[in-house]
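Student: Give me the fold of what follows.
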Amino acid sequence: MSVTPIASVASGSETVEGPEVLIVGAGPSGLVLACVLAEQGVPFRLIDAGEGGFAGSRGKGIQPRTLELFGVLGIVDRFLADGGPAPMMSSWRDGKMVAEWDMFTRNEPTPDAPYGQPLLLPQWRTQEILRERLGELGGTVEFGTRLTGLAQDAAGVTAHLETAGGATSAVRASWLVGTDGGRSTVRHLLGTPFTGETVDPTPMLVADVHVEGLPRTHWHTWQDHPAGMLVLCPLHATDAFQLIAAFQDGEPDPSPEAVRALVAERTGLTAREVDWASVFRARAAMAERFRDGRVFLAGDAAHVHSPAGAQGLNTSVQDAYNLGWKLGHVLRHGAPDALLDSYEAERLPVAAGVLGLSTRIHRSNGREGLKLSGQRGKEAHQLDLHYRQSPLSREARTAPAEDAPHAGDRAPDAPCATETGEPVRLFDLFGTGHFTLFAVGRAAEDELPADVAGPLVRIARLTDADGHLARAYGPGLFLIRPDGYVGLAAEDAAEVRKYLAEVVGA
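Tutor: Below is the predicted model of the structure:
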C-alpha cells in the first residue's frame, strides 16, 4: 500500500502540519506506541487532554512478558532499578499480624525466560520512564490538547483539536490511534460498541497514602472490618503505600480527610499525606472492533479489566507494540495494508482471553475481589500468549517437537554467541524496526538465505556452544517478528523468501 502524502490543513489563521500518525492519549499504550514509531522514524503527534502526566500508582504490576518488551525498547534496566518484586501478603487482626502467605507464582530466571515474576512499580513512574525514553528519541507529549472531532476518508483522517486555552485547529494524518482510556473519546466518535459487564458492584477506593509505623516488608490486609476489606501495598520508588478499600454500604469519599479517617477506622494506623485517590467499580468490557478504516483502538480504549491479576496495563503495552511495528512497516517499508488488519486479528482474541482471566481471578478472591488468599498462576505472566492462528504465523517444519516453540508463539531468549565468538543474548538482537532471522542446527545453517538481509531483516549467524539455542528452539530456520514472536518456522530458504514477499511485501 502507498500512503497518500499528508497535506497541511488550514483552520482559521493557523495551519497545522500533519503527522503520519496521530496518537490520542498519553497513557502507557500511547507512550509505548509513540516510542515504537519514533524508533522507526515515523512522524507522529501524541496529544493528551490532561494537564500533565498521570499522578497515581493504579496499574502497578508489570508482568514478565512486558519486561521483555521494555528490554527491546532499551529501558528494562530502569524498571528493574526502580521497581521490585511483590512482597509477601499479611493479614492483620486486633493490631497484630496474624498470618502471612505468598500470592504470586515466582519462578527463577532461566536462559529462555529472564524474568520469573512480576515487578511492582507505581504507574506514574512507569509513564515517567516511558516519557523519558520518548524524549530521548526526539518525541514529546502535547498535554492540554483534546480531540473534539474526526472524519476519515480513503486517504487519511482529519482530526479537530482544542487546547486548554481554547485554541482550535485541524490536523490531517494518515492514521489515528485512540489510546485515550476506558472513556475513550475516539471510540465514542467512531460509535464503536463497547460491551461488557460489571465484575463486582462493590464500590472501591484506590489511593496513594503515607502511613506511619507500618513495615514495608509485606502487602498488608485487614479482612474483618464490617464495612469492607482494606489493603496497603508498599510502593517502590516512593515511601507511600497503595491503598485499596471496599465499601459494602455507601459511596467512597476520595478527599484526603476522608482517606485519612478511613485508614484510622479500619486499621488503627495514622495516614499522613494522601498523594492521589480515585473511586472505581471493577468492570470488564471490550470494543466490538479494534480497527475502523484508518482509526485504531488500543489499550483501555479497546478493553478494560478488573485490576485483579495485573493484566490491564500489560495488555495495553502489548497492543501498542503490536500495532506500532506494523504501522512502521506500512509507512516505512511499503508493507501491504493487510498487515494492519492483523492487529485486530491478533489482539482482539488475546484481549478477550485476558479479560476472562482477570475476571476469574477477581471472582475467585470472593466478594470485593480482595481476599487475595489464592495464588496468581503462571498464566498471569503472559509468556504463554500466542498468535498461532494469525495470518502472520506460518509453521513450515515437517515435524516440530510438541514442546518446541511454534509459529505464533513467543520467541524464547537464549544465551549464545556471534560467529566471531562474542557473547550475546538472543533478545539483544531483536528490534522494533526489523525481523531477526537465525538458524539452529547445521542443516538449517546451510539454508540461511543471505539475500534477504537488509533494513527489514537482520540475519544473526550464531554459535551455540552451551546448547541453549538448540534446547529453546529445536532445529530449523526462525524468523522473529519485531515484537518477539515467531513469524515463521521453516526448514528451507524458499519459505523465508515466500513469507517476506507475501506478509510484508519484501
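Student: Partner strands of the lengthiest strand in the chain, with direction?
Tutor: The residue-count maximum for a strand in the chain (DSSP state E) belongs to strand 271-280. Using DSSP bridges, the strands paired with strand 271-280 are strand 204-211 (antiparallel).
Student: Extract the C-alpha trace of the partner strand and format it as CSV.
Tutor: Output of strand 204-211 as CSV, limited to C-alpha atoms (Å, rounded to 0.1, in the frame of the first residue of the first chain):
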residue,chain,number,x,y,z
MET,A,204,-13.8,0.6,45.6
LEU,A,205,-11.4,3.4,46.6
VAL,A,206,-7.7,3.3,45.5
ALA,A,207,-5.3,5.9,46.9
ASP,A,208,-1.6,6.5,47.5
VAL,A,209,-1.0,7.3,51.1
HIS,A,210,1.8,7.7,53.6
VAL,A,211,1.2,5.6,56.7
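Student: Name the residues of that strand that are buried.
Tutor: Residues Met204, Leu205, Val206, Ala207, Asp208, Val209, Val211 are the ones in strand 204-211 that count as buried (16 or more other Cβ atoms under 10 Å). The C-beta positions use only the backbone N, C-alpha and C, and glycine is treated the same way.
Student: same question, stretch 266-286
Tutor: Within stretch 266-286, judged by 16+ other Cβ under 10 Å, the buried ones are 266-267, 269, 271, 274-277, 280, 282-286.
Student: Next one: the residue lying farthest from the centre of the chain from Thr267, what distance?
Tutor: Here the centre of the chain is the reference, and by Cα atoms, centre = their mean the most remote residue is Asp94, at 40.1 Å. Asp94 sits 11 Å away from Thr267, going by Cβ to Cβ, to the nearest Å.
Student: and what of Glu273?
Tutor: 16 Å.
Student: Where do the helices of the chain begin and end?
Tutor: Here the chain has its helices, by DSSP state H, at 28-39, 64-72, 76-82, 123-136, 185-190, 256-267, 312-333, 338-364, 442-447, 468-473, 493-503.
Student: Can you tell me which of the buried residues of strand 204-211 lies closest to Ser174?
Tutor: Closest approach to Ser174 among the buried residues of strand 204-211 (Cβ to Cβ): Val206, at 37.9 Å.
Student: so who does that closest one touch?
Tutor: Val206 sits next to Gly56, Ser57, Arg58, Gln242, Leu243, Ile244, Ala277, Ser278, Val279, Phe280, Pro307 when contact means Cβ atoms under 8 Å, 6 or more residues apart in numbering.
Student: Give me the nearest residue to the first one, chain neighbours excluded.
Tutor: Okay, so that is Gly56. Trp276 (4.0 Å; Cβ to Cβ, 6 or more residues apart in numbering).
Student: got it, and the second one?
Tutor: Distances taken as Cβ to Cβ, 6+ apart put Pro122 closest to Ser57, at 3.7 Å, once the chain neighbours are dropped.
Student: So of the buried residues of stretch 266-286, which two are at opposite extremes in space?
Tutor: Leu269 and Met286 (38.8 Å).
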